[in-house]
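Student: structure of the sequence below:
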Amino acid sequence: RSPRPREASVGGVVRWVERRGRVLLDSQGNAVGMMGRGQDITERKNAADAERFRAEASEARAASLDYKKTLALVAKSAVRDVADWCSIAIGDESGRYDTLAIAHRDPERIKWVEEYTRLNPPRFDKPTGVPQVLRTGKPELYPEISEEMLDAGASTPDERRVIRELAPKAALAVPMSARG
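Tutor: I've put the predicted structure just below:
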């Protein structure tokens, strides 16, 4: 009765399905069929994962006075629970920022994230992404990243090559604030 991930046939999107069923037996006890049902619990599972991530991120922030170590833990938690790739930047309302923590679900791809960061230094005047989130304090969600968006976001052939290697499918930029 535990949720099992199922890939939908459209776009390879992973859905969480809770299944219940039982085997139908004939008079001799032989299996002759099955009766059951499945329920899409993707939203419930994602909400639970996000809540666990928030709780662990809060715990990590409270556990260490070394903010770089804390941010590295938050990035690793994000990758474990809700993302394939996480970069954490610190910045200000002018849009200026530096990347302090990077994590990727596939450790071999961290080099590609670092290469992308090197090729794509902070552009403070960008109308979207991290600079805009820092200026406005409002999150940005890109639930689907198209080929056109990848091309528009890359200003050089090297950037385009690296971003295609990372193959992002969606993106979320969220402001966080520190107190004290």
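Student: other SSEs contacting the longest strand along the chain?
Tutor: Using DSSP state E, we find that the single longest strand of the chain is strand 14-25. Judged by 3 or more C-beta pairs under 8 Å, 6 or more residues apart in numbering; DSSP states H and E, the packing partners of strand 14-25 are strand 4-7, strand 31-40, helix 42-63. Bear in mind the C-beta positions are built from the backbone N, C-alpha and C, glycine included.
Student: nearest to residue 165, out of these?
Tutor: strand 4-7 (22.4 Å; C-beta to C-beta).
Student: doesn't residue 27 fall inside a strand?
Tutor: No: remark: residue 27 does not belong to a strand; assigned using DSSP: H, G, I helix; E, B strand; the rest coil, it is coil.
Student: how many neighbours does it have?
Tutor: Look at residue 27: counted by other C-beta atoms under 10 Å, it has 6 neighbours.
Student: now do residue 142
Tutor: 15.
Student: what does residue 53 give?
Tutor: 17.
Student: also residue 176?
Tutor: 12.
Student: now do it against residue 21, distance only.
Tutor: Distance from residue 176 to residue 21, counting by C-beta to C-beta, to the nearest Å: 43 Å.
Student: the bottom helix or strand of this structure by mean pLDDT?
Tutor: In the chain, the helix or strand scored least confidently by mean pLDDT, DSSP states H and E is strand 4-7, which has a mean of 54.
Student: give me the below-cutoff pLDDT ranges for this structure.
Tutor: 1-14, 57, 60-64, 81, 93-95, 122, 177-180 (pLDDT under 70).
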